[in-house]
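A.B. asks: What follows is a protein structure lacking sequence information:
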């Protein structure tokens, strides 16, 4: 298993927030040519507590709206499931799937 990660954060005037994430994972459980997966993410936020129109609201000290979207990968499979195996003692044959690759899940979140 090998992973490369990168994240970039940007804030404008402590009000508007942006986060970009990139992840590239490699696993020897998959066939050559199918071993690497790319999983990006993005998040945006608005810190309403730093806006001028919120300064006079005494009942609310802080508020932030945030939304994010991203992909995650899963390689939780049997080792080398892409290979066909033969047990010569019992004449048992297991057919591999050379097209098996990363399971990808997409996640969307929003909150305040």
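C.D. replies: Structure received. These numbers come from a predicted model, not from an experiment.
A.B. asks: From here on, just use CA atoms for contacts and neighbour counts.
C.D. replies: Will do.
A.B. asks: Tell me if residue 45 really is in a strand.
C.D. replies: Yes. Applying DSSP: H, G, I helix; E, B strand; the rest coil, one finds residue 45 inside a strand.
A.B. asks: number of nearby residues for it?
C.D. replies: 19 (other Cα atoms under 10 Å).
A.B. asks: ok, now which ones touch the nearest residue to it once chain neighbours are set aside?
C.D. replies: Among residues not flanking residue 45 along the chain, residue 66 sits closest, at 4.2 Å (Cα to Cα, 6 or more residues apart in numbering). Going by Cα atoms under 8 Å, 6 or more residues apart in numbering, residue 66 touches 43-46, 110-112.
A.B. asks: do that again at 7 Å, thanks
C.D. replies: For residue 66, the contact set (Cα atoms under 7 Å, 6 or more residues apart in numbering) comprises 44-46, 110-112.
A.B. asks: neighbouring strands for the helix or strand of the chain with the lowest mean pLDDT, and are they parallel or not?
C.D. replies: Here the helix or strand of the chain ranked lowest by mean pLDDT, DSSP states H and E is strand 92-94, holding a mean of 80. Using DSSP bridges, the strands paired with strand 92-94 are strand 85-87 (antiparallel).
A.B. asks: Report the separation between the residue located most distally from the centre of the chain and residue 78.
C.D. replies: In the chain, the residue that sits farthest from the middle, by Cα atoms, centre = their mean, is residue 89; the gap is 43.1 Å. Going from residue 89 to residue 78 by Cα to Cα, to the nearest Å gives 22 Å.
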